[in-house]
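Engineer: Could you work out the structure for the sequence below:
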Amino acid sequence: MKTPKRLQPLIEDGLIDEVISQLMSGKEATVFMVRCGSEIRCAKVYKDAGKRSFKQAVQYREGRKVRNSRQARAMAKGSKYGREEQESLWHNAEVDALYKLAQANVRVPKPYGCIDGVLLMELITDADGDVAPRLNDVKLTQEEALAHHSQVIRDVVRMLCAGLVHGDLSEFNVLVDQDGPVIIDLPQAVDAVANNHAEWMLERDINNMRDYYGQFAPELLTTQYAKEIWEIYESGKLTPDTELTGHFDEPTESADVDAVMLEIQEAFKEEQERLARMGSVEEE
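Structural biologist: Numbering: from 1, shown residues only. Now for the predicted structure:
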């Protein structure tokens, strides 16, 4: 096929030998199958910010570290340099996440680096060596659904223990090879500690997986893994090997409004008395 303009520099630099075909075009990038020496890999070409349809990017950027104060100021002002740095931060987030998660034994594609907005990574294939299908294109038995769901939940836990939440996990961001699900698409991965939206993003990720696999294994539809996992995580006891049940007991105690109001009144009274004492000292 004709070499896309964004991939031409990588061919000239010898990083890619041949562009074989386009695999898919999504809301944030277009992915190509490429040959690098004797290996077949993926080249993910990120779309420019103005052409991406990914929404609410600000929520995903919260808590991400920048190199220096100049970079932070430029991004805040929205200058040309700032926009370029913001794009670089968005691209590098996926590369950093892939390396970190591979070390944490999460099933993700192996990364080979990001050059000029192009991410080179492992091509995930099925048992026949063909490109692995997305989860939404796969029909599962009840047994397979339960096994795959368990594997995804375990990987979500490993991600959280590594300090990350996928943030956009669904049946469209999971590939299925001969060994089960492989999680992809991580440029929006968020810092579980620094991002205030991490909890609800985790819950959405897990519930998306619950609802999809629940089509094949209805018993999953009543599970509460998201709330269970977050509660254990907040307690500081979550590990990659934590035994999960899928059950969560919602708090049953209702708020004691009268007691809360009494505390507020007492605090107000104490503050008034403190101010009165300060006034008396000043008069003396």
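
Engineer: Test my guess that Arg41 contacts Leu119.
Structural biologist: No. With contact defined as C-beta atoms under 8 Å, Arg41 does not count as touching Leu119 (10.1 Å). Where you see a C-beta, it was placed from the backbone N, CA and C, and this is true even at glycine.

Engineer: more crowded one of those two?
Structural biologist: Neighbours were counted for Arg41 and for Leu119 using other C-beta atoms under 10 Å; Leu119 has more, 24 against 20.

Engineer: Tell me how far that one lies from Pro111.
Structural biologist: Going from Leu119 to Pro111 by C-beta to C-beta, to the nearest Å gives 7 Å.

Engineer: do the same with Leu140
Structural biologist: Noted for Leu140: a distance of 28 Å to Pro111, by C-beta to C-beta.

Engineer: cool, and Glu271?
Structural biologist: Glu271 is 56 Å from Pro111, by C-beta to C-beta.

Engineer: In terms of neighbours, single out the busier of the two.
Structural biologist: A direct count of neighbours by other C-beta under 10 Å for Glu271 and Pro111 places Pro111 higher, at 21 against 10.

Engineer: quick one, phi/psi of the more buried one?
Structural biologist: Per-residue torsions, Pro111: phi -90, psi 150 (degrees, to the nearest 10).

Engineer: Output the below-cut-off pLDDT ranges for this protein.
Structural biologist: Under the criterion pLDDT under 70, the flagged ranges of the chain are 49-91, 252-257, 259-260, 274-284.

Engineer: Would you map the strands across it?
Structural biologist: With DSSP state E as the criterion, the chain has strands at 18-25, 29-36, 39-46, 111-115, 118-122, 164-165, 174-177, 180-183, 190-191.

Engineer: Let me have those in TSV, extended by distance to Pro251.
Structural biologist: Converted to TSV, those look like this (distance: least, C-beta to C-beta, whole Å):
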stretch	distance to Pro251
strand 18-25	43
strand 29-36	42
strand 39-46	43
strand 111-115	42
strand 118-122	43
strand 164-165	23
strand 174-177	32
strand 180-183	32
strand 190-191	26
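
Engineer: ok, Asn207 touching Ala226?
Structural biologist: Yes. Assessed by C-beta under 8 Å, Asn207 is found in contact with Ala226 at 5.9 Å.

Engineer: what sits against the residue nearest the centre of the chain?
Structural biologist: By C-alpha atoms, centre = their mean, the chain has its centre lying nearest to His166, at 1.6 Å. By C-beta atoms under 8 Å, 6 or more residues apart in numbering, the contact set of His166 is Val156, Met159, Asn173, Ile183, Leu186, Gln188, Ala189, Met201, Asp205.
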